[in-house]
Each structure stands twice: as structure tokens, then as C-alpha cells.
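> After the sequence you'll find the predicted model.
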Amino acid sequence: MRREGAASVEDELLAFGAELAGEPREWGRLANEHPPVLRTHDRYGNRIDEIEFHPAWDWLLALGIRERLHVPGAYVARAAKFIALAQVEQGVGCPLSMTHAAHSILDTIDDGMLVGMAMTERQGGSDVRANELEARPAGDGEATLHGEKWFCSAPMSDAFLMLAQAPAGLSCYFVPRGEGFVIERLKDKLGNRSNASGEIRLEGAWGRLVGEEGRGVRTIIEMVVHTRLDCVLGSTALQREAVAQATHHCAHRAAFGKLLADQPLMQNVLADLCVESEAATVSALRLARAFDEGDEFRRVATAVLKYWICKRTPAVVGEALECLGGNGYVEESGLPRLYRESPVNAVWEGSSNVQCLDVLRALRREPAAAEAFVAELEERDRAGVERALAGADEQGARRLVETMAVALQATLLDRHGDPAVAEAFRAREGYGAFGTLPEGLPLAELVERHTPQVV
């Protein structure tokens, strides 16, 4: 964090981390055990569409708002705080992230307002150009909206950004929650259970055009880029929390006559997990700095890291869970909640294939962005990426993006990371099972570096 330009808030972040280590951890558990409930009508039969949250969720959201994670500010400082809060609970990250991102295209958001997003429809999924929600013009950029959205993120928000079909084509609208905004039901999700997601119906709800009519995708894409950054941060947080739980457990659990952390094979597994987590953290904070600086590098790097870090996270969390053995499979350990949460960021804001295709698109249409990415790499990593770029096609897009991600992480660890971590990262022979690091590495040192110090 110091390296990326946020040294001035270091004491503030440490204080926030100490606070999160206390009662908020219990709030995270409670918020997941008591997910939100939709109340469609009041006792008199009037439609109200209110969503009730456990107080613990409200308290966690209030922490994020207090730390101003929902409004513009220095990206690296915000990223560090976002990662810290997301290690406690990911559910409140959704409304904080979308509201923060909405500021990139709106200048009329009140400080206390939450802004959600509703893009996905049944027939289209990621293909938003197939959306059928209709925007009927009402003059002066206003419209009434008619149709359905199959997935609305944070439907309890004060307002939403939506894509709808206007006479000139797909357009972006700012839609306050009010008359004509109907919540059909809440989603029963694999993870992210403390947060509400729902299906909605628009019955003439009022909307105001954002940007140019017919250019809705171009308008909303800047918001999407910001939320993709938060997907990277959220997955980084899950890796850090899972590794902290695994290293802590193994530092105190004895089996076969000695601590798990001292047993060679377990030490290899833990060290490998630690290396993965540190690579994610270094990459995420470098990406945040690119947003602070408006660096062209972010255009390609956001999609590359969104793909790779979010894709690696379920494997990291699953291996960390296994380090606890049967204890890790029990809800009381907290690892099952992390495991259920781990796939969400790979799906949200464009699935893995969407990210890879976005990289290909950027490489073809924005050569300056591709050049900025390659220029970031050290010479030893640049050659492999240039070879991959030369043969890039859609069928091999995942192979290309993996090559780019691993090269970037290797460069960043060499440049900024702990030397032992950088060495171990490069010593990997593949990306199969964790715990396959070769001999000769300081495994105990790597594990100790990531083991929480209880005070």
C-alpha cells in the first residue's frame, strides 16, 4: 500500500483492520445465517416491496459507508480498506461497489444514496444487446420503462442504472426506486447470501437517460470497469482470509506427533497458497494505482486480473478448507461460507469467457492499451506474452489471458514482492494442485510470513 501511493492513510487502515478483527467478524456470521427477506405487502394488503436485513448486515454496511467506500476517492487507499472489509464479509461489498462505480458516469448522486444495477434479462444473459426492457420516451431525456430484469443487484438500493431499448437502440437509464418498480422475488443464491439480489418488473417506472440514446453499452461500460476492479479486490480478500485461516490452524494443530505447519508436505501446500495470495494482493493494488493515475495499463489489466484472480480463488479457498480437514467442512470454521462465496466474482460483471473476449477486443481495437500492458512487464516475461499475442484467437483466449496474468504477477513480485515469494512463484511448474513447489525453497519462511500473529 505504501509503494502504490497510500502511505498517508496507513495508520487509518491499521485502525480499521483492528476494528474489523473484533465484533464485525461476528456480524458477518450473523448476516449470512439470517439472509434478507422480501416483504411484498403490508398488513393492509398494500404493495410495499421492502427488504428486511438482519441488523448485523446494516452495521457492516454502515462501516463501509463510514469509510467512504461508496464514493470517489484515492483508489489504492480505498482498495486496501475494501479488501479488509471483504475479508470479514463480502455481501455489503456489492452495494458499496456499484454505488462507487456509478459515480464514474453520474454527477447527481447524493452522498447517502445507494445505487444498484439491473442489466441481465432471461433471454440474453451476458448478451445485453438482446435485452427487451422497453424505454418509452416522455420528453427531455425522460422515459417510462416496461418489462423485466431477471437479475437486479441490491434491489433495496435508492436508484439503479439499467439498459433498456429506446427508439434509437439500447440506452442507459437512471431509475429511482419508486412507483412502477416491483420486486418479484429474491434470489436463493449459492453464496453472497447476506446480500439481496432479485428479479424485478418495471411497470412504467420513471427513468432519466444517461449519456446518448442508443449508446447504452458505451455509457455503462465505465461503471462496469470499476466494479470489475472490485471483483479483483473481493477475490483477493477471499484468498487472504482463507490463507490466514489455514496457516493459523496449522500453526496450532498437531497430528502425527508435530504441528501441521512443520510437516513437509503440509508446509509445501501452505507455502503454495501463500504465494498465490501474495501475487493476488500485489496485482490488485497495482491495478488500483492504475485507476488513480488514469493509466492506459488498466484497460487490459482489469480484464486480465478479473479473469485470473477470480478464477483462482475457488481453488485457493478449497485447498485452504482441506488444510483444516473435517473441521474445515463444518460451518463453525467459517471456511464453508468462504467456499460458497468464492465463485461469485468470476460470474459477476461478466463471466470468465466474457473477460477473455474483452481482452481480445481491447488488443485489436486499442493498441495503446496493449502496448501499456506489455511495457509493464520485465523483459524476461515480455517475450512469452508477445508470442502469445501473435497467435491470439478466440478459441485460445483463455490460454492467452492466463499467460498474460502469470507474466504480470511474476513481474510485479520480482519488482515489489518479497524475494522468496517471487522465487517460489517462478519455480512453479504448472497450475494443477497446490503443494507441488520444488525442493530448495524456504517454505517455512513463506508460511510464517502469512501466518496471523495473535496478540
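Noted; the coordinates are in hand.
> in the longest helix seen in the chain, what counts as buried?
Assignment by DSSP state H gives helix 216-252 as the longest helix of the chain. Residues 216-217, 219-220, 223-251 are the ones in helix 216-252 that count as buried (16 or more other CB atoms under 10 Å). For every residue, glycine as well, the C-beta is placed using N, CA and C.
> Average pLDDT for it, rounded please.
Across helix 216-252, pLDDT averages out at 97.
> Then stretch 350-370?
pLDDT averaged over stretch 350-370 gives 95.
> Tell me which residues are up against the strand or helix carrying residue 338.
Here residue 338 sits within helix 335-341, counting by DSSP states H and E. Applying CB atoms under 8 Å, 6 or more residues apart in numbering, the set of residues contacting helix 335-341 from outside is 29, 32, 90, 190-193, 238, 241-242, 245, 314, 317-318, 320-321, 324, 328-331.
> Show the buried residues in those residues.
By neighbour count, with 16+ other CB under 10 Å, these hold 29, 32, 90, 191-193, 238, 241-242, 245, 314, 317-318, 320-321, 324, 328 as buried.
> how far away is the residue lying closest to residue 183 once chain neighbours are set aside from residue 178?
Counting by CB to CB, 6 or more residues apart in numbering, residue 183 lies nearest to residue 49, which is 4.5 Å off, once chain neighbours are set aside. Distance, residue 49 to residue 178, by CB to CB, to the nearest Å: 10 Å.
> Name the residue in the two with the higher neighbour count.
A count of neighbours by other CB atoms under 10 Å puts residue 49 above the other of residue 49 and residue 178, at 17 against 10.
> hang on, that one in a strand?
Yes - using DSSP: H, G, I helix; E, B strand; the rest coil, the assignment for residue 49 is a strand.
> ok, now which ones touch it?
Residues in contact with residue 49 (CB under 8 Å, 6+ apart) are 38, 39, 40, 181, 182, 183.
> Please enumerate the strands of the chain.
Per DSSP state E, the chain carries strands over the ranges 37-41, 47-52, 115-120, 134-139, 142-153, 159-166, 169-176, 181-186, 197-210, 254-255, 258-259.
> Now tabulate the ones you listed in JSON lines and tack on distance to residue 343.
JSON lines is the format used below for the strands of the chain (distance: least, CB to CB, whole Å):
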{"stretch": "strand 37-41", "distance to residue 343": "24"}
{"stretch": "strand 47-52", "distance to residue 343": "24"}
{"stretch": "strand 115-120", "distance to residue 343": "17"}
{"stretch": "strand 134-139", "distance to residue 343": "33"}
{"stretch": "strand 142-153", "distance to residue 343": "15"}
{"stretch": "strand 159-166", "distance to residue 343": "24"}
{"stretch": "strand 169-176", "distance to residue 343": "28"}
{"stretch": "strand 181-186", "distance to residue 343": "19"}
{"stretch": "strand 197-210", "distance to residue 343": "14"}
{"stretch": "strand 254-255", "distance to residue 343": "30"}
{"stretch": "strand 258-259", "distance to residue 343": "32"}
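> so which of those strands comes closest to residue 389?
strand 115-120 (30.1 Å; CB to CB).
> and the closest one, C-alpha only, in CSV?
Output of strand 115-120 as CSV, limited to C-alpha atoms (Å, rounded to 0.1, in the frame of the first residue of the first chain):
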residue,chain,number,x,y,z
VAL,A,115,-27.1,2.8,-6.5
GLY,A,116,-27.7,-0.7,-7.8
MET,A,117,-27.7,-2.1,-11.3
ALA,A,118,-30.0,-4.2,-13.4
MET,A,119,-28.7,-5.3,-16.8
THR,A,120,-29.4,-9.1,-17.1
